[in-house]
Structures are given as structure tokens and as C-alpha cells.
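Student: here is the input, now give the coordinates:
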Amino acid sequence: MLRQWLSRNEKKLIYLLVIYWVLIFVGTHMPLDELPVEMEPGVDKIIHFLLYFPLAFLLAAQRQIQTRAQWVSALGILLAYAAFDEISQIPVNRSAEFLDWVLDSIGSVAGLYAYRKVT
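Tutor: I've put the predicted structure just below:
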């Protein structure tokens, strides 16, 4: 049932994935002093997980991942983007933290796993 819906809404999924990905990029590259809220220490780690979970799910849904090679490819894309995301924050006076990348990665794996379970 979900697979049928995904097939019928492939174009919408592409738009949703692109918009979500752009929003993540903008949010993670906004200088800290321009963020609309002040975060308690450690909350950003939860946010990293929560941002990458739906990103992974949307990527898997848009690509309708089924094979092992597709899973590995999607995970590679997500892990590489998470690393790029961390490193590219340095020019906007944000820190690139390995632990942030780890939580991005865990969120990615969880999102891919969730997609696999519901399809």
C-alpha cells in the first residue's frame, strides 16, 4: 500500500526531499547568534538525530530503495553529506563536531531502517 502511494507521488517526494534538505542546510549554516532560540547544552545532539532521521526516510522513499546496493548507496550519500555539512559550518563561525556527525549518522541509519520496516 505504501509502495503504491510512493510510486504515485514520486514527483511530490522529490520536491519534499529537496525542500527538506535545503532547510537543513540553511538551519545548520545559520550563525549561532542568529538562531531564533537559545539551546541548552546537548540539545543540539538530539536535533542532529531528529533532522537526519526524516532526511534518510525521505531519501529512501524517493528512491524506493530495495536492494542491498541501494541501501549502501543511500547510506553513503547521507554519511558524506553529514560530513560535508559539519565541515562547511566552519566558515560561518560554527563548529564542526565529530559527535554531531555520529548523531547525523545514527539518525540516517534509523531513518533508513524505519523505511525498510514500513515498506
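Student: how far away is the residue nearest the centre of the chain from residue 38?
Tutor: With distances taken as C-alpha atoms, centre = their mean, residue 52 lies nearest the centre of the chain, 2.9 Å away. Using C-beta to C-beta, to the nearest Å, residue 52 is found at 22 Å from residue 38. Backbone N, C-alpha and C define where each C-beta goes, glycine included.
Student: residues making contact with stretch 40-52?
Tutor: 24, 27-28, 39, 78, 82, 99-100, 103-108, 110-111 (C-beta atoms under 8 Å, 6 or more residues apart in numbering).
Student: ok now it, how far from the chain's centre?
Tutor: Distance of stretch 40-52 from the chain centroid (C-alpha atoms, centre = their mean, to the nearest Å) equals 12 Å.
Student: same question for stretch 10-21.
Tutor: How far stretch 10-21 lies from its chain's middle: 13 Å, per C-alpha atoms, centre = their mean.
Student: with just CA atoms, put that stretch into PDB.
Tutor: The C-alpha atoms that make up stretch 10-21 are tabulated as PDB, following Å, rounded to 0.1, in the frame of the first residue of the first chain:
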ATOM      1  CA  GLU A  10       7.200  10.300  -6.900                       C
ATOM      2  CA  LYS A  11       7.400  13.900  -8.000                       C
ATOM      3  CA  LYS A  12       6.000  15.200  -4.700                       C
ATOM      4  CA  LEU A  13       8.600  13.200  -2.900                       C
ATOM      5  CA  ILE A  14      11.400  14.800  -4.900                       C
ATOM      6  CA  TYR A  15      10.100  18.300  -4.000                       C
ATOM      7  CA  LEU A  16       9.700  17.400  -0.400                       C
ATOM      8  CA  LEU A  17      13.200  15.800  -0.200                       C
ATOM      9  CA  VAL A  18      14.800  18.900  -1.900                       C
ATOM     10  CA  ILE A  19      12.900  21.400   0.300                       C
ATOM     11  CA  TYR A  20      13.700  19.500   3.500                       C
ATOM     12  CA  TRP A  21      17.400  19.100   2.500                       C
END
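Student: that stretch: which residues count as buried?
Tutor: Neighbour counts over stretch 10-21 (16 or more other C-beta atoms under 10 Å) mark 13, 17, 20 as buried.
Student: no further queries at this time; thank you.
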